[in-house]
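J.: would you be able to build a 3D model of this:
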Amino acid sequence: MTGESTSFGTAAAEHLSPSFPDRAARGTAEKLRAWQVEALEVYFATEPKDFLAAATPGAGKTTFALRLASELLRRRIIDRITVVTPTEHLKNQWAEAAHRVGIRLDPGFTNSQKRHARQYHGVAVTYAQVATKAHVHRDLTASSRTLVILDEIHHGGDALSWGDAIREAFDRATRRLSLTGTPFRSDTAPIPFVAYLPDRDGVLVSQTDYDYGYSRALSDGVVRPVIFMVYAGAMRWRTRAGDEMEARLGQDNTKDITAQAWRTALDPAGDWIPQVLQAANRRLTEVRHSIPDAAGLVIATDQDAARAYAAILQTISGEEVTLVLSDEPGSSERIDTFSASNRRWMVAVRMVSEGVDVPRLAVGVYATSAATPLYFAQAIGRFVRARRRGETATVFVPNVPSLLALSTELEVQRDHALERRLKPGEDADYPEANLMEQAERDDKASEALEQEFEFAALGSDANFDRALFQGDEFGAYAESGSDEELDFIGIPGLLEPDQISDLLKQRQRRQSARGSKPGATSYDVAEVRPQALFRSLKEQRTLLNSLVSLWSKQTSTPHGMVHNELRQTCGGPAVATATVAQLQSRIDLMRRRISSPR
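T.: Sure thing, here's the model as predicted:
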């Protein structure tokens, strides 16, 4: 810690908490949170050029960063500030937060201006804006002593060009503060201004200077606890090969079947989405009994789905739904209007997933195909900001293994590792990949098949499967719209965590008393296969597909036609649900065909 006085004289400092680090003054109403004071103490103990602070979404990274900027301005260590954000909306959000503490940032700064007006302390720009003309920001940074705040610094690894641009633009900054609210993705793109050290295996791992995780934030009352309402259901679809498939979402399926069932569930033309939205709307109504301004957010995969979900929700709720589509003109204004209103629902694509602050969000529907730890943590972070004690967030998720794993591991922090070693069975091309995206890449292996047939969702329905809370599971299968479902989605929205656990246990006991046991499989379409049989089936499917591919090349016959002919000749269902004997019969036939002279 430096020896100079730390009392603040600027308007910015006075608006924030008591003067740092004067411990005697911290008892006033406007004090910083304990973790923010602690992080500031860590920073000023050494005053490094680069500092990486990781704090869970909703913890108050912006307040911490602006307090640090105020102190650096007061000490005349810096003269100006540049804030770099992932989206256009966040530029405005940072500028407004800075204005409240007496710091003036220009969110409308463009690359063509080259210099900001003298009445501003600095600018707020996006990563994409910096990447477009890095030399403009390099010159601006070098023109005076600059603090660069890199919000959600992991975006520096999104593309090699972005990382290079950030390094070029801000290498000459006086100080750099990097912020992140999520675990870094595990790829091999180094992020500028982040320190890496080898772990026991010699893999370079990112190093944070201060870390404030979800678990600690939850115990401090800084964030809300989250109840995950898990929904399964029966799915029917037609594959690109022309086969009609049926499977349960959440059943012990292969990755490609899981991906296609998930894709079917998210189709707005089916019944799964309307039934889940109906349940989420009922949950929001229950929450609003104790939190009158509580709101809900549906996160969609793309704009077409978002529009369809909004139309469904408007019919269900009987109220206008706010629709936010990426960074199109007016999106920021719509978010701000929604945040300040009493409207029930907002539907968005990816824009609201990161950094956007709408504190009244209390109910969410995760209706997107994204499944990386980074994206999931950011999305859930939209619902966890605590405003008063006892508030609880509820997020509805499909029964997809990767999502459930992320739900139960919400408190696990992951570093950004370079030269990462693959786990057994992990695909080097897409580590931690989105299941649906991976399945679609695999489908494109056969261009003839792609042209001949298209994936089509044929039907779906939803059922409550279980509730996840603080690592425990509660409840079992319940029909959509039933009293058993209402038992779980009707839990009051203002309870202490231990009260929530007790109530979930009571609801589970009541459900069991009615005759439905957790884990019952009477509603499954097919029985769960033993592991050995699963391996055998997988090997047979792979072999059959290889033989079909070979025959297709020899005869110029589309894959789908070959599979359909095999089904007609040998009998049985589509490949994904065929038995060992049925698959072997088709394999034998294909071997005879290929080995026989034409």
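
J.: when you work out contacts or count neighbours from here on, use the C-alpha atoms and nothing else.
T.: Will do.

J.: I'd like to know which elements the longest strand along the chain is packed against.
T.: Using DSSP state E to assign secondary structure, the strand with the most residues in the chain is strand 226-238. Counting contacts by 3 or more CA pairs under 8 Å, 6 or more residues apart in numbering; DSSP states H and E, strand 226-238 is packed against strand 244-249, helix 255-265, strand 393-398, strand 456-460, strand 463-469.

J.: deepest of these, which one?
T.: Stretch with highest mean neighbour count among those: strand 393-398 (a mean of 25; mean count of other CA atoms under 10 Å).

J.: can you give the domain ranges for the protein?
T.: For the chain, the structural domains run 11-218, 224-412+438-459+468-477, 531-595, going by automatic domain parsing.

J.: would you list those domains in TSV and tack on distance to residue 485?
T.: Rendered in TSV, the data for the domains of the chain read as follows (distance: least, CA to CA, whole Å):
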stretch	distance to residue 485
domain 11-218	27
domain 224-412+438-459+468-477	8
domain 531-595	30
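
J.: make JSON lines from those and add mean pLDDT to it.
T.: Converted to JSON lines, those look like this (pLDDT from 0 to 100):
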{"stretch": "domain 11-218", "mean pLDDT": "84"}
{"stretch": "domain 224-412+438-459+468-477", "mean pLDDT": "84"}
{"stretch": "domain 531-595", "mean pLDDT": "78"}
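
J.: out of the helices and strands packed on strand 226-238, which comes closest to residue 220?
T.: Minimum separation from residue 220 across the helices and strands packed on strand 226-238 (CA to CA) falls at strand 393-398, 16.2 Å.

J.: buried stuff in whichever helix or strand comes after the closest one?
T.: Downstream of strand 393-398, the first helix or strand assigned by DSSP states H and E is helix 401-408. In terms of neighbour count (16 or more other CA atoms under 10 Å), helix 401-408 has its buried residues at 401, 403-404, 406-408.

J.: let's have the residues you listed in CSV, adding distance to residue 207.
T.: Shown next, in CSV, are the buried residues of helix 401-408 (distance: CA to CA, whole Å):
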residue, distance to residue 207
401, 30
403, 27
404, 28
406, 22
407, 25
408, 25
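
J.: so which bits of stretch 38-56 are buried?
T.: 39-40, 42-43, 50-56.

J.: so which of the domains of the chain is nearest residue 490?
T.: Shortest distance between residue 490 and these, using CA to CA, is found for domain 224-412+438-459+468-477: 5.9 Å.

J.: ok, which of the helices and strands packed on strand 226-238 comes nearest residue 574?
T.: Nearest of the helices and strands packed on strand 226-238 (CA to CA): strand 244-249, 6.9 Å.

J.: packing partners for that closest one?
T.: Applying 3+ CA pairs under 8 Å, 6+ apart, we find strand 244-249 packed against strand 226-238, helix 255-265.

J.: all strands for the stretch 1-150 of the chain, in order.
T.: 50-55, 80-85, 105-106, 122-126, 146-150 (DSSP state E, counting those that start in this stretch).

J.: which outside residues touch the shortest one?
T.: With contact meaning CA atoms under 8 Å, 6 or more residues apart in numbering, strand 105-106 is reached by 81, 94-95, 98-99, 116, 120-124.

J.: given it, what are its sheet partners and their directions?
T.: If you go by DSSP bridges, strand 105-106 pairs up with strand 122-126 (parallel).

J.: next, the angle from the strand it pairs with to strand 146-150.
T.: Per axes from the mean of the first three to the mean of the last three CA atoms, to 10 degrees, the angle that strand 122-126 makes with strand 146-150 is 30 degrees.

J.: identify all contacting residues around strand 122-126.
T.: Against strand 122-126 from outside (CA under 8 Å, 6+ apart): 80-88, 91-92, 94-95, 104-109, 116.

J.: ok so, going back, I'd like the helices and strands packed on strand 226-238 laid out as JSON lines, including distance to residue 281.
T.: JSON lines is the format used below for the helices and strands packed on strand 226-238 (distance: least, CA to CA, whole Å):
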{"stretch": "strand 244-249", "distance to residue 281": "22"}
{"stretch": "helix 255-265", "distance to residue 281": "18"}
{"stretch": "strand 393-398", "distance to residue 281": "11"}
{"stretch": "strand 456-460", "distance to residue 281": "19"}
{"stretch": "strand 463-469", "distance to residue 281": "14"}
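
J.: which one of these lies closest to residue 73?
T.: Nearest to residue 73, of all the helices and strands packed on strand 226-238, is strand 393-398, at 37.8 Å by CA to CA.

J.: counting contacts, what elements does that closest one pack onto?
T.: Contacting strand 393-398 under the criterion 3+ CA pairs under 8 Å, 6+ apart are the following elements: strand 226-238, strand 361-367.

J.: nearest residue to residue 584 other than its sequence neighbours?
T.: Among residues not flanking residue 584 along the chain, residue 540 sits closest, at 7.2 Å (CA to CA, 6 or more residues apart in numbering).

J.: I meant to write residue 193 there.
T.: Using CA to CA, 6+ apart, the nearest residue to residue 193 is residue 50, at 6.6 Å.

J.: wait, that neighbour sits on residue 179?
T.: No: between residue 50 and residue 179 there is no contact under CA atoms under 8 Å: 10.9 Å.

J.: and the gap between the residue nearest to residue 461 when sequence neighbours are not counted and residue 261?
T.: For residue 461, the nearest residue in space outside its immediate sequence neighbours is residue 272; the separation is 4.4 Å by CA to CA, 6+ apart. For residue 272, the distance to residue 261 equals 11 Å [CA to CA, to the nearest Å].

J.: all strands for the stretch 251-400 of the chain, in order.
T.: Taking DSSP E, counting those that start in this stretch as the criterion, the stretch 251-400 of the chain carries its strands at 295-300, 322-324, 345-348, 361-367, 393-398.

J.: that'll do, ta.
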